[in-house]
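Trainee: need the 3D shape of this:
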Amino acid sequence: MSKAVTLAVATAAGGTAALLPASTADAQGRARVPICPHVVGLCTWSEPNSGGGVRMFPRAAPHLDPAVRSAKNQTSMAWCLYPRPSYGGRAVVLTPGSYTPGLGLEARSARPC
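Mentor: Okay, here's the model as predicted:
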């Protein structure tokens, strides 16, 4: 019996959500599993597909430099990633346990939402 996994990424301001079917999420997971410490926090990378330098954020970060282009949420709460410092602009929301190989933006700040 196989366990289905669903990845959800939503836009906070627009309230829309894009769900990837379990088969797509499974295929992406097999293609490349990001290496991230097994601690509670937001794991981020400076390049898409968990490329570049890895950083861990256990709490809000109003200024991200370099920008975040992929992330894995290892917390029990949603995290919002913003295109401008100090939580400015339309956020991309990462649900608990989700991984996004490409955010569709260069995040310059992040916080639980």
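Trainee: tell me the contacts of His63?
Mentor: 85-86, 108-109 (CB atoms under 8 Å, 6 or more residues apart in numbering). (Each C-beta comes from the backbone N, C-alpha and C, glycine too.)
Trainee: meant to ask about Ser76, not that
Mentor: Counting by CB under 8 Å, 6+ apart, Ser76 has contacts 40, 96.
Trainee: 10 Å - rerun?
Mentor: Under the criterion of CB atoms under 10 Å, 6 or more residues apart in numbering, the neighbours of Ser76 are 40, 96-97, 112.
Trainee: ditto for Pro96
Mentor: 8, 73-79.
Trainee: what do you get for Pro48?
Mentor: So Pro48 contacts 69-70, 100-104 (CB under 10 Å, 6+ apart).
Trainee: what of Tyr82?
Mentor: 12, 62, 64, 68, 88-92, 105, 107-111, 113.
Trainee: got the confidence number for it?
Mentor: On pLDDT, Tyr82 comes in at 98.
Trainee: measure the closest residue to it other than its chain neighbours to Gly97 for me?
Mentor: In space, and not counting its chain neighbours, Tyr82 is closest to Ser109: 4.6 Å by CB to CB, 6 or more residues apart in numbering. Ser109 sits at a distance of 22 Å from Gly97 (criterion: CB to CB, to the nearest Å).
Trainee: can you pull out the low-pLDDT segments for this protein?
Mentor: Across the chain, residues meeting the criterion (pLDDT under 70) sit at 1-34, 37-38.
Trainee: so where do the strands sit in it?
Mentor: Ranges of strands within the chain are 7-11, 17-20, 42-47, 51-57, 70-73, 79-82, 92-94, 99-100, 109-112, based on DSSP state E.
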